[in-house]
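S.K.: Return atomic coordinates for the entry below.
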Amino acid sequence: MKDLENLEKEISEGKTISDSTLSFGLTLKALILKGVLNEEIIENLEKELESLKEFSQPTEIEKKKIVLKKRYKILNLLREGGMGKVYKAHDTKLNRYVAIKFLKGDDQVQIKRFINEAQAQAKVNHKAI
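M.R.: Next comes the predicted model:
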């Protein structure tokens, strides 16, 4: 890792700096020394980074989607209806095809209807299903 003194020396000598060998902090310092970044640009970048902080932690829904992505490979949309969308997927743990339903919104009445539908379907036992 290049230290700041070597970096300043190389820039003053007009040498090309390879950003891949620099840490993030030294890369920023190199850009400042080269005159690419100034105080105004840095302030704007800080504001943009601050506004992105809310996206750095996944929401509960995103966490569930991550779990789904690890286990299921979504293949295609089967149907879309009033309650949501149904996708054909492959369950990579059990090595079988499944249907996954994504509800629209978080309406508690709709969620209860969905649970009732799932419980009714779970009771069906037929060789063709």
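S.K.: Burial check on Lys69, number of neighbours?
M.R.: Number of residues near Lys69 (other CB atoms under 10 Å) recorded here: 10. For glycine as for every other residue, the C-beta is placed from the backbone atoms N, C-alpha and C.
S.K.: before we move on, what about Lys34?
M.R.: 10.
S.K.: please begin residue numbering at 153 from this point
M.R.: Sure, I'll start numbering at 153, so the last one becomes Lys186.
S.K.: can you map out the strands along the protein?
M.R.: With DSSP state E as the criterion, the chain has strands at 224-232, 236-243, 248-255.
S.K.: Which among the ones you listed is found nearest to Lys217?
M.R.: Lys217 lies closest to strand 248-255 among these, at 9.4 Å (CB to CB).
S.K.: packing partners for that closest one?
M.R.: Using 3 or more CB pairs under 8 Å, 6 or more residues apart in numbering; DSSP states H and E, the elements in contact with strand 248-255 are strand 224-232, strand 236-243, helix 260-274.
S.K.: ok so, going back, among the strands of the chain, show me which one is buried the most.
M.R.: Compared across the strands of the chain, strand 236-243 shows the largest average neighbour count, a mean of 15 (mean count of other CB atoms under 10 Å).
S.K.: Noted, bye for now.
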